[in-house]
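J.: Show me the folded form of this:
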Amino acid sequence: MAKPKLLPKIGSKVKINFEKVKDRLPTKLIKEIASNPKAEIVGYKMTDGRSIGLILKFISGQENWFFPEEIERG
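T.: Predicted coordinates for the structure are as follows:
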């Protein structure tokens, strides 16, 4: 039996993989990630019934959600 992939814990520091997200985000957020891709996990979000997204908070205080495969431990 395959082991389920565990989600990172709330409070974990992560880094966004810019190449995986640059085509779907607003310009303001793209600029912020390009200058500093680090963020903190502040919650989870059910995305489309098959995955759970991660709500990240940036140094600026802005929050946005990402798929787990778009981030790296950080």
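
J.: Nearest spatial neighbour of the most centrally placed residue in the chain, chain-adjacent residues omitted?
T.: Residue closest to the mean C-alpha point of the chain, counted by Cα atoms, centre = their mean, is F66 at 3.8 Å. With sequence-adjacent residues excluded and distances taken as Cβ to Cβ, 6 or more residues apart in numbering, F66 is closest to L54, at 5.6 Å. (C-beta placed from N, C-alpha, C; glycine too.)

J.: so what's that neighbour up against?
T.: L7, P8, V14, I41, G43, Y44, K45, W65, F66, F67, P68, I71 (Cβ atoms under 8 Å, 6 or more residues apart in numbering).

J.: Can you lay out those as JSON lines showing distance to P26 and pLDDT?
T.: As requested, those are exported to JSON lines (distance: Cβ to Cβ, whole Å; pLDDT from 0 to 100):
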{"residue": "L7", "distance to P26": "25", "pLDDT": "82"}
{"residue": "P8", "distance to P26": "24", "pLDDT": "88"}
{"residue": "V14", "distance to P26": "20", "pLDDT": "96"}
{"residue": "I41", "distance to P26": "20", "pLDDT": "97"}
{"residue": "G43", "distance to P26": "20", "pLDDT": "96"}
{"residue": "Y44", "distance to P26": "22", "pLDDT": "94"}
{"residue": "K45", "distance to P26": "17", "pLDDT": "92"}
{"residue": "W65", "distance to P26": "13", "pLDDT": "92"}
{"residue": "F66", "distance to P26": "13", "pLDDT": "93"}
{"residue": "F67", "distance to P26": "17", "pLDDT": "89"}
{"residue": "P68", "distance to P26": "21", "pLDDT": "90"}
{"residue": "I71", "distance to P26": "18", "pLDDT": "92"}
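
J.: List just the nearest of these to L25.
T.: Distance to L25, by Cβ to Cβ, is smallest for F66 among the contacts of L54, at 9.3 Å.

J.: remind me, longest strand of this protein?
T.: strand 38-46 (DSSP state E).

J.: what's that strand packed up against?
T.: Packing partners of strand 38-46 (3 or more Cβ pairs under 8 Å, 6 or more residues apart in numbering; DSSP states H and E): strand 13-16, strand 52-57.
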